[in-house]
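*Asks:* Need coordinates for the following:
(chains A and B)
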Amino acid sequence: MTNPNASRPQIRNIGFGELRNYRLPLPGVVSILHRISGLLMFLFLPLLLWLFDLSLSSERSFDRFLAFFDHFLVRGLLLLLGWALLHHLCAGVRFLFLDLDMGVERAAARRSSWIVFAVSLPLSLVLGLFLFGAFS
Amino acid sequence: MSLRLRRAPAGAHYGVRDWLAQRVSALIILVFVLLVGGLLLLGRHLDYGAWASVFAPVPMKLITILAVAAVAYHAWIGVRDIWMDYVKPAGLRLALHVGTILWLSYCLVWAVQILWSV
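*Replies:* Numbering: from 1, shown residues only, chains lettered A, B, ... in the order given. Got it, this is the predicted structure:
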């Protein structure tokens, strides 16, 4: 008896070493960024709660909250977290449509992946312009 | 046969429950973000009084706590999946799971304390 599995392609998880020569399709990029953005927001949840506390506690702490934004590293971090939220929301809405069996064909899935970036990245740009004082 | 036997004790549909919870909590968060985002866009000049008055009414406190609870549950399922995918040593994974639950529970209680001191 020959092994019935011998002719089948072996499907395994890719290792870290293979990542560099693995071309991730666009829906895959949306998916992995969904995961990365989610983890990012989880890790910075204490910072966000601390800022929320600062902004609500008192008039004086509200001023400290505003002063905190003066540092450009803080603005950069908040821009990163803003992008994370926007990407996570847009990609999440896309996943909800996929759950409803909408747009599961390859072409449609690719198109909706483009839409995720086409919405989340310009909105992140607007947020960045706002954070770095383009509108003040 | 052995596969069936091995599957049985895992049952109780906890996979479906998490799948559904992840989507329901996502919709709660989406609505809340649109609500607060809309308020921020409408209120041009935001000072302390205006900001604090948003969270002063009890209904808004309750809506916010509902959103924070949704974030905590949503983050638990998502982060747990990340640990399960990448962290193989059982002890370390268990520690990360316990740490994640404790941390998210603490964040929820912290949010209650922040809101009810406004």
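*Asks:* Can you report how many residues neighbour A:L33?
*Replies:* For A:L33, the count of nearby residues is 19 (other CB atoms under 10 Å in any protein chain shown). C-beta: built from backbone N, CA, C; applies to glycine.
*Asks:* Could I get the contacting residues of it?
*Replies:* A:87, A:91 (CB atoms under 8 Å, 6 or more residues apart in numbering or on different chains).
*Asks:* Just say helix, strand or coil for it.
*Replies:* What DSSP: H, G, I helix; E, B strand; the rest coil gives for A:L33 is helix.
*Asks:* So what's the predicted local confidence for it?
*Replies:* You'll see A:L33 listed with a pLDDT of 96.
*Asks:* Over to A:G133?
*Replies:* We note a pLDDT of 79 for A:G133 in this prediction.
*Asks:* how near is it to A:F16?
*Replies:* Distance, A:G133 to A:F16, by CB to CB, to the nearest Å: 40 Å.
*Asks:* more neighbours, the two?
*Replies:* With neighbours defined as other CB under 10 Å, A:G133 and A:F16 compare such that A:G133 has more, 9 against 6.
*Asks:* mind checking how far the more buried one is from chain B?
*Replies:* Separation of A:G133 from chain B (CB to the nearest CB, to the nearest Å): 15 Å.
*Asks:* Pull the number of nearby residues for B:S117.
*Replies:* A total of 10 residues lie near B:S117 under the criterion other CB under 10 Å.
*Asks:* wait, it sits on A:S57?
*Replies:* Yes. Under the criterion of CB atoms under 8 Å, B:S117 makes contact with A:S57 at 7.0 Å.
*Asks:* Next, show the common contact partners of these two.
*Replies:* Listed contacts common to B:S117 and A:S57 are nil; contacts here mean CB under 8 Å, 6+ apart.
*Asks:* any weak-confidence spans in the chain?
*Replies:* Since you didn't name a chain, this refers to chain A. Low-confidence regions of chain A, defined by pLDDT under 70, span residues A:1-6, A:136.
*Asks:* you looked at the wrong chain, it should be chain B
*Replies:* B:1-14, B:44.
*Asks:* so where does B:R17 fall, helix or strand?
*Replies:* Take DSSP states H and E as the rule and B:R17 turns out to sit in helix B:14-42.
*Asks:* Which strands or helices does that helix pack on?
*Replies:* Judged by 3 or more CB pairs under 8 Å, 6 or more residues apart in numbering or on different chains; DSSP states H and E, the packing partners of helix B:14-42 are helix A:72-99, helix B:58-86.
*Asks:* Save these as JSON lines, and put in distance to B:W19 and mean neighbour count too.
*Replies:* Below are the helices and strands packed on helix B:14-42 laid out as JSON lines (distance: least, CB to CB, whole Å; neighbours: other CB atoms under 10 Å in any protein chain shown):
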{"stretch": "helix A:72-99", "distance to B:W19": "9", "mean neighbour count": "18"}
{"stretch": "helix B:58-86", "distance to B:W19": "9", "mean neighbour count": "17"}
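*Asks:* Test my guess that A:F97 contacts A:G103.
*Replies:* Yes. Using CB under 8 Å, A:F97 is in contact with A:G103, at 5.6 Å.
*Asks:* Report the set of residues contacting both of the two.
*Replies:* Any residue near both A:F97 and A:G103 by CB under 8 Å, 6+ apart counts here, and that gives A:S112.
*Asks:* So which bits of the helix or strand that contains B:L94 are buried?
*Replies:* For B:L94, the element it lies in under DSSP H and E is helix B:90-115. By neighbour count with 16 or more other CB atoms under 10 Å in any protein chain shown, helix B:90-115 contains the buried residues B:96-97, B:100, B:103-104, B:107-108, B:110-111, B:114-115.
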